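Q: just coords:
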């Protein structure tokens, strides 16, 4: 149980285009999902917290107009990287908390590798 | 402020020998502590977690960790390393009052040699 999927697993796009990444909780409902980015050989950095039915909460330094987050249902959150540039190339990982779950455990997706040319 | 420090960026062991990955945390609140493992280009897998129950926590694949409040540590150990243990390991802290955010350590890369 507690499986989180991401789609696509990898994407290559041209500079200036937008890319949408999906995060789904497959066997549980998640009122809260999280988006992280990970640069090569570095740790995960929280970008934003996504709450179902409300606006996302962004971490300091993360541009909300560039990284659009939509959490339209209890099983789906999307991250759209708008007008992507090479510096946005990174590994994007989402996670989800079980609705009504105990403790702060998060279940992680397999990640999406974005390469912007 | 809440933080977590992994004391070693790289650890190298021989197959069959013990593994010790060190982690210290700083938290003004009661923390929850986790160890996650990440294999190359993969997502994170939970190894074990501490949430104020038993201080010695047993996880998957033979790993365990001991919560020591007096030392603010949560070191990860395994009696005998296997080649498949080679990966990146993250110590993570979460705390009540932190809006369920996870704070990641910088990671420790474990290499296992034959």
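A: Good, I have the coordinates. Quick caveat: nothing in here was measured; it's all calculated off a predicted structure.
Q: where does the prediction get shaky in chain B?
A: B:96-100 (pLDDT under 70).
Q: for it, what lies in contact range of chain A?
A: Residues of chain B lying close to chain A by CB under 8 Å from any CB of the partner chain are B:32, B:34, B:36, B:41-46, B:49, B:51, B:90, B:94-95, B:98-102, B:104-107. Yep, even glycine has a C-beta here, placed from its N, CA and C like the rest.
Q: tell me which stretches of chain A form strands.
A: All strands of chain A, identified by DSSP state E, fall at A:4-7, A:10-13, A:19-25, A:32-38, A:44-51, A:57-58, A:67-73, A:76-81, A:90-97, A:107-108, A:112-116.
Q: distance to residue B:65, mean neighbour count and mean pLDDT added to the ones you listed, as JSON lines?
A: Below are the strands of chain A laid out as JSON lines (distance: least, CB to CB, whole Å; neighbours: other CB atoms under 10 Å in any protein chain shown; pLDDT from 0 to 100):
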{"stretch": "strand A:4-7", "distance to residue B:65": "23", "mean neighbour count": "18", "mean pLDDT": "94"}
{"stretch": "strand A:10-13", "distance to residue B:65": "33", "mean neighbour count": "14", "mean pLDDT": "96"}
{"stretch": "strand A:19-25", "distance to residue B:65": "27", "mean neighbour count": "20", "mean pLDDT": "96"}
{"stretch": "strand A:32-38", "distance to residue B:65": "22", "mean neighbour count": "24", "mean pLDDT": "93"}
{"stretch": "strand A:44-51", "distance to residue B:65": "19", "mean neighbour count": "20", "mean pLDDT": "91"}
{"stretch": "strand A:57-58", "distance to residue B:65": "30", "mean neighbour count": "18", "mean pLDDT": "94"}
{"stretch": "strand A:67-73", "distance to residue B:65": "32", "mean neighbour count": "17", "mean pLDDT": "91"}
{"stretch": "strand A:76-81", "distance to residue B:65": "30", "mean neighbour count": "21", "mean pLDDT": "96"}
{"stretch": "strand A:90-97", "distance to residue B:65": "20", "mean neighbour count": "24", "mean pLDDT": "93"}
{"stretch": "strand A:107-108", "distance to residue B:65": "19", "mean neighbour count": "24", "mean pLDDT": "91"}
{"stretch": "strand A:112-116", "distance to residue B:65": "30", "mean neighbour count": "18", "mean pLDDT": "95"}
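Q: columns distance to residue B:73 on top of the ones you listed, output as TSV?
A: What follows is the strands of chain A, written out as TSV (distance: least, CB to CB, whole Å):
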stretch	distance to residue B:73
strand A:4-7	30
strand A:10-13	37
strand A:19-25	33
strand A:32-38	25
strand A:44-51	21
strand A:57-58	31
strand A:67-73	35
strand A:76-81	34
strand A:90-97	25
strand A:107-108	24
strand A:112-116	34
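Q: before I go, just wanted to say thanks for your time.
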